[in-house]
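Colleague: sequence first, predicted coordinates after that:
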Amino acid sequence: MIQLIENAFEYKNRLAIISDHNNYTYDDLLKRSANIAHQLLNGKADLEEARVAFIVDPGFDYTCIQWGIWRAGGIAVPLCVKHPFKSIEYVIEDTQASVVILSTAYEKLMAPLDERKGIRVIRNQEFNDHQGELPEIAISRRAMILYTSGTTGKPKGVVTTHKNIEKQITSLTTSWEWHQDDHILNVLPLHHVHGIINVMSCALWSGGCCEFLPKFDPKKIFEIFNRQQVNVFMAVPTIYFKLIAHWNTLPETEQNLITTSLKKFRLMVSGSAALPVSVLKQWEKISGHTLLERYGMTEMGMAISNSYRNKRKPGYIGLPLNEVIIRIADEQNQPLEQGEKGEIQVKGLNVFKEYWGKPKATAASFTADGWFKTGDIAVFENGAYRILGRNSVDIIKSGGYKISALEIEEVLRTHTAIKECGVVGIPDDEWGEIIGASLVLATAAIDFEKLKTWLKEQLPAYKIPKRFIIQEDLPRNVMGKVTKMDLKKIFLTQKNNL
Ligand code: MLC
Ligand code: AMP
């Protein structure tokens with residue numbers, strides 16, 4: 001029994017979703033997701049964990065499709081709406097999805113799929129009324145696959161069960177005191193846990209309302225806030241940075257109106273990347289709220305959080321959430337004392353089942369005694385955890401997205417003008433990190449504008465390097481023995497924006 005969906009029967013007439021200026025109740029959600037489930041089943045009794053990929057903007061249809069897949073016994077594979085076809089194709093092939101659902105907006109992008117044999121392509125508008133029995137779903141079954149970058153080139157599919165998802169939701173609904181009068185605005189993409197679990201699923205679990213704004217837009221966000229219905233908001237630090245920048249451009253009367261609206265909120269959360277204390281302080285001035293910073297990961301949902309009721313500690317991520325067990329361990333996976341730096345390791349029913357089709361990678365990400373190895377380095381001090389960084393220089397966080405330097409290097413190396421390359425994250429106030437690439441050329445010169453256009457066909461915008469350096473242009477003293485740490489420093493001191 002999928003509790004998230006069972007709960008909805010209790011809230012039938014309540015407002016569940018606002019999207020595209022329409023209001024939808026829980027009953028609407030239940031009816032449409034049942035229709036979708038029946039059509040997906042196509043006469044079968046149960047999809048038996050078949051992978052159903054879908055590319056649909058955040059909104060009512062997205063939620064109905066996710067629930068429809070679950071109610072039919074399938075595994076939901078949400079695709080990133082901003083990815084080029086190549087990245088989407090990788091996910092479809094890696095999951096061996098047998099069905100792909102798409103909305104009209106993505107017809108053109110997904111056109112090459114129509115030629116594939118064995119994949120059933122369903123247009124969102126093709127779903128209509130269907131009746132009948134739906135299968136009983138055990139919560140130990142696989143529910144979702146989300147793609148995340150790691151230290152091994154291409155992204156890996158993180159598989160969570162219904163039980164994992166339920167735990168990830170309830171640890172937040174209890175800790176942050178979600179209730180049915182909550183109304184949240186979702187501005188996040190829906191192929192990652194932040195938007196899917198923390199925002200959408202927590203609201204729907206609680207009988208609250210989730211309003212969608214599919215494209216991030218500071219002006220529209222403040223307009224919605226000024227209606228004074230939204231009372232909960234969650235975003236990555238880059239979004240708070242952008243909201244602050246926009247607020248600073250507004251006339252005083254508008255600024256005051258926004259501040260009045262924000263002060264009425266119940267909760268405002270930041271996560272997915274380190275929240276700079278400067279951003280926390282500026283937002284505090286604008287909104288009257290000390291942002292609640294929490295820490296999580298695709299593989300486990302949220303794990304550590306500042307307190308909802310008590311004082312929040314700027315620069316710290318807080319304490320373990322309900323039923324999540326945390327330890328700090330050394331490189332030999334031995335637990336460390338308070339105050340010692342080490343890797344965050346996690347246990348709990350919130351932790352994922354496996355990387356899709358990668359038993360070796362799954363085994364390598366757990367210790368022999370079952371602790372999940374996050375790769376994040378932290379310390380417990382002054383009564384809370386503080387993140388210090390990552391144990392791999394090849395993991396970059398930009399705009400809240402996790403990016404593998406190795407994946408970008410692999411793509412760059414396939415370009416005819418590039419012989420060798422090194423990709424690093426460069427600290428940046430707005431994005432957390434931006435991507436820098438150092439190139440050894442196979443030709444005399446390279447046209448960077450053409451290179452960027454070429455990259456856009458291979459990678460989403462947030463994975464495209466914003467700065468380049470040609471290895472021959474590096475200072476002579478580091479040439480030949482340049483490490484990634486050197487490169488980071490060189491990028492920081494050289495302003496070679498293109
Ligand atoms: C986009 N741009 C970037 C960039 N991303 N530039 C540098 N670094 C980046 N990372 C540039 C584009 O090239 C483009 O430039 C311009 O910004 C607009 O692009 P866009 O794609 O339209 O950007 P925008 O919509 O403004 O996106 C910014 C954002 C987005 C912050 C809203 O990055 C976002 O939604 N981030 C959230 C990701 C998220 O949900 N992460 C959670 C993962 S789960 P030009 O020149 O072409 O105009 C997780 C676990 C946990 O981490 O703990 O939660
Ligand atoms: P993802 O794989 O996209 O789910 O990203 C998870 C990673 O985001 C974690 O492993 C951390 O490195 C980072 N992260 C999430 N929340 C925070 C936070 N509050 N502070 C610092 N890093 C964070």
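Modeller: Structure received. Numbers count the residues shown, from 1 in each chain. Ligands and ions are numbered 1, 2, ... in the order given.

Colleague: contacts for stretch 225-237?
Modeller: Stretch 225-237 is contacted from outside by 178, 181-185, 187-188, 194, 198-199, 203, 208, 211, 224, 243, 257-258, 261-262, 264-276, 279, 399-400, 432, using C-beta atoms under 8 Å, 6 or more residues apart in numbering. C-betas here are computed from N, CA, C, even on glycine.

Colleague: from the residues you listed, which ones fall inside helices?
Modeller: 203, 224, 243, 257-258, 261-262, 279 (DSSP state H).

Colleague: which one among the residues you listed gets closest to ligand 1?
Modeller: Using C-beta to the nearest ligand atom, Leu243 comes nearest to ligand 1 of these, at 10.3 Å.

Colleague: I'd guessed that closest one sits against Ile224; true?
Modeller: No - using C-beta atoms under 8 Å, Leu243 is not in contact with Ile224, being 12.0 Å away.

Colleague: so for the two, which sits in the more crowded spot?
Modeller: Counted by other C-beta atoms under 10 Å, Leu243 and Ile224 do not tie: Leu243 has more neighbours, with 25 against 18.

Colleague: contact partners for that one?
Modeller: 218, 221-222, 235, 283.

Colleague: cool, and Asp27?
Modeller: Counted by C-beta under 8 Å, 6+ apart, Asp27 has contacts 12-13.

Colleague: then the one 3 residues further on?
Modeller: Under the criterion of C-beta under 8 Å, 6+ apart, the contact partners of Leu30 comprise 5, 8-9, 12, 67.

Colleague: need the buried ones from these selected in ChimeraX.
Modeller: Applying 16 or more other C-beta atoms under 10 Å to the contacts of Leu30, the buried members can be selected in ChimeraX as follows:
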select :5,8,67
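
Colleague: quick check: the farthest pair among the contacts of Leu30?
Modeller: Lys12 and Trp67 (14.3 Å; C-beta to C-beta).

Colleague: circling back: tabulate the contacts of Leu30 (CSV), appending pLDDT, secondary structure and distance to ligand 2.
Modeller: Shown next, in CSV, are the contacts of Leu30 (pLDDT from 0 to 100; DSSP: H, G, I helix; E, B strand; the rest coil; distance: C-beta to the nearest ligand atom, whole Å):
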residue, pLDDT, secondary structure, distance to ligand 2
Ile5, 98, helix, 25
Ala8, 98, helix, 27
Phe9, 97, helix, 31
Lys12, 95, coil, 33
Trp67, 98, helix, 23
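
Colleague: name the helix or strand of this structure that has the lowest mean pLDDT.
Modeller: Lowest on mean pLDDT, DSSP states H and E among the helices and strands of the chain sits helix 484-493, with a mean of 87.

Colleague: other SSEs contacting that helix?
Modeller: strand 418-428, strand 432-441, strand 467-470 (3 or more C-beta pairs under 8 Å, 6 or more residues apart in numbering; DSSP states H and E).

Colleague: pipe these into JSON lines and attach distance to ligand 2 per row.
Modeller: Shown next, in JSON lines, are these (distance: least, C-beta to the nearest ligand atom, whole Å):
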{"stretch": "strand 418-428", "distance to ligand 2": "11"}
{"stretch": "strand 432-441", "distance to ligand 2": "9"}
{"stretch": "strand 467-470", "distance to ligand 2": "22"}
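
Colleague: what about those, which gets the closest to Phe448?
Modeller: Closest to Phe448 of those, according to C-beta to C-beta: strand 467-470, at 6.0 Å.

Colleague: any idea of the mean pLDDT for the closest one?
Modeller: Averaged across strand 467-470, pLDDT comes to 92.

Colleague: dump it to CSV, keeping only the CA atoms.
Modeller: What follows is strand 467-470, C-alpha atoms only, in CSV (Å, rounded to 0.1, in the frame of the first residue of the first chain):
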residue,chain,number,x,y,z
ARG,A,467,35.6,29.5,-18.2
PHE,A,468,38.4,28.0,-20.3
ILE,A,469,42.1,28.0,-20.1
ILE,A,470,44.6,26.7,-22.7
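
Colleague: got a pLDDT number for the nearest residue to Asn124 once chain neighbours are set aside?
Modeller: Excluding its sequence neighbours, the residue lying closest to Asn124 (C-beta to C-beta, 6 or more residues apart in numbering) is Ser103, at 4.4 Å. We have a pLDDT of 96 for Ser103.

Colleague: try Leu455
Modeller: Taking Leu455 on its own, its pLDDT is 95.

Colleague: what's the burial count for it?
Modeller: 20.

Colleague: check which helix or strand covers it.
Modeller: Taking DSSP states H and E as the criterion, Leu455 maps to helix 448-458.

Colleague: and the residue of the stretch 51-200 of the chain that's closest to ligand 2?
Modeller: Ligand 2 sits closest to Thr148 of the stretch 51-200 of the chain, with a gap of 4.3 Å, by C-beta to the nearest ligand atom.

Colleague: now the nearest residue to that residue once chain neighbours are set aside: how far from ligand 1?
Modeller: Leaving aside its sequence neighbours, Thr148 sits nearest to Thr298 (C-beta to C-beta, 6+ apart; 4.2 Å). Distance, Thr298 to ligand 1, using C-beta to the nearest ligand atom, to the nearest Å: 6 Å.

Colleague: just give me the neighbour total for Thr298.
Modeller: Using other C-beta under 10 Å as the criterion, the residues surrounding Thr298 number 24.
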